[in-house]
Structure formats: structure tokens, C-alpha cells
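J.: sequence first, predicted coordinates after that:
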Amino acid sequence: MTTLTETVHPGAFIIAEAPHEHCRDSITVATSQTIVVGAALGRRVASAALASATSSAAADAGNTGNGTFTLDATTPVAQGAKDGNYRIVNELVATNSGEFVVYDPSGILLGRVAVGATFNNQIKFVIADGASDFTIGDAFTVTVGIADTSYEYTALNLSATDGTQNVAGLAVYPVTTTSATAKIAGLVRGPADVRSSDLTWPSGATAAQIAEGLRALERLGIVAR
């Protein structure tokens, strides 16, 4: 006898939501995705938006070091990048070297990079040594312009660094994409209540990661019960 398993119907995980579909948006699902109803979603800047993004770099007028700052010629702006000014500030004095910290436009620390090494997190660049060594506080500003702020959604990917590691909503409908994107309805804001047992998290997600995901949903106004 064949056993049939009934899956969660579209939207069945929603207990209550604001009227007139206020909590939903038509979202673009990225290529190569298999998403089920109630799946936790992450999002990243759409590929087309990154392709049209602009970037420029400038050294602070008071810098002592005269090394050269060079944005990558092919991909200066990467996934996860934000519109605005990035700050790159030296925190180490060393002969023919230095170590810079990188902050995004919101002031969040993205990482560190030594002189001569390539930094590749949201923006990609290298700082070359010059005749005069860098001193503490020498800095550069990278201005990123993303006129197209459209996003594409994926199944939550906890190991990603492009934004899809952060919970951005829940899938109302299932979808499978291959080489083309697709549109579905996503539950992306509250007030809404959802059934926790009907939500789907990435394979291997720990209890702590799921708890953080539920907190992220709460910040969106979506409460799991």
C-alpha cells in the first residue's frame, strides 16, 4: 500500500496576520533554489543591482602614509554590499606594512586586512605600501552607490556571508527554480503569528541557530507560537 504524506499547504503555517495582505510581498526567488512552504528565507542584493553599482575610493587628506588604495577592477562591489560610505582605518604601525579595519556604512566591523593583502567582504580592494609608512588613524573612504535596491531571496543559508545567512521572511508558497528566478508571496513583516512546528530551517541548524532565527522573525513583527 502506497503511503502518501500531506505537506503543509500554502500559507497554512500562518495563524493570523494583518488584513489586506499587509504582511506579504511578492518576492523574487534566486536561481537554483528549492523552497517549501514555511521555509525560513534569507535575502541578498539582486545580481543585476550589483552589476550596476558604482564605487570610488579616496584617501583622507591628513594621511601620513602614501600607499595606494586600489578597488578590484572586476568585482569592487560584492554580495551583501550596502549603499553608502565604507571606512578603512589603520590600527597598526609597522615598517612597510600596517593593518586596517573595515567598517560598513552602518559602522559595523567587517574585518581586518594587512597592507598588501586583498580584502573581499562586501567590497574588494588592496592597499599597497608606499614610500611613507602608514600611521595610526590613516584612513580611506570607499563610496558605494546602489541605485537599484532590489533583492532576491533564497532558502536561509547559515554559512553564507552575502546576507542570506540572516532571516528575512518566510515562504508562503513552495517553489523550485533552476536557471531562472521566480516570484512567490513571502511573509516579510508583521504583525503576524505563525505556527512554529510548521516552519522549516536549514538542514543541520542547531537549536541555538533556530532560536536566533525566531528572534529575527520577531524583529520583523512575526511571532512563532
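T.: Right, received. Where do you want to start? Numbering: from 1, shown residues only.

J.: how about D72, nearest residue that isn't a chain neighbour?
T.: Once flanking residues are discounted, D72 sits nearest to K124: 3.9 Å by CB to CB, 6 or more residues apart in numbering. For the C-beta atoms, the positions are set from N, CA and C on the backbone; glycine is no exception.

J.: helices and strands around the helix or strand hosting that neighbour, which ones?
T.: In this structure, K124 sits in strand 123-127 according to DSSP states H and E. Using 3 or more CB pairs under 8 Å, 6 or more residues apart in numbering; DSSP states H and E, the elements in contact with strand 123-127 are strand 69-71, strand 84-90, strand 118-121, strand 139-145.

J.: helices of this structure, start to end?
T.: 47-51, 207-219 (DSSP state H).

J.: which among the ones you listed is found nearest to G62?
T.: Closest of the helices of the chain to G62 is helix 47-51, at 32.4 Å (criterion: CB to CB).

J.: residues contacting the residue most central in space within the chain?
T.: Centrality entry for the chain: nearest residue to the mean C-alpha point is G163, 1.6 Å, by CA atoms, centre = their mean. By CB atoms under 8 Å, 6 or more residues apart in numbering, the contact set of G163 is 42-45, 79-80.

J.: what distance do you get for it to Y103?
T.: Using CB to CB, to the nearest Å, we find G163 at a distance of 17 Å from Y103.

J.: tell me how far the least confident helix or strand in the chain by mean pLDDT is from the chain's mean position?
T.: When the helices and strands of the chain are scored by mean pLDDT, DSSP states H and E, helix 47-51 comes last with a mean of 78. How far helix 47-51 lies from its chain's middle: 14 Å, per CA atoms, centre = their mean, to the nearest Å.

J.: cool, stretch 75-91 as well?
T.: The answer for stretch 75-91 is 13 Å, by CA atoms, centre = their mean.

J.: gap between the two ends of it?
T.: From its first residue to its last, stretch 75-91 covers 26 Å (CA to CA, to the nearest Å).

J.: give the buried residues for it.
T.: Using 16 or more other CB atoms under 10 Å as the test for burial, stretch 75-91 gives 76-83, 86-88, 90.
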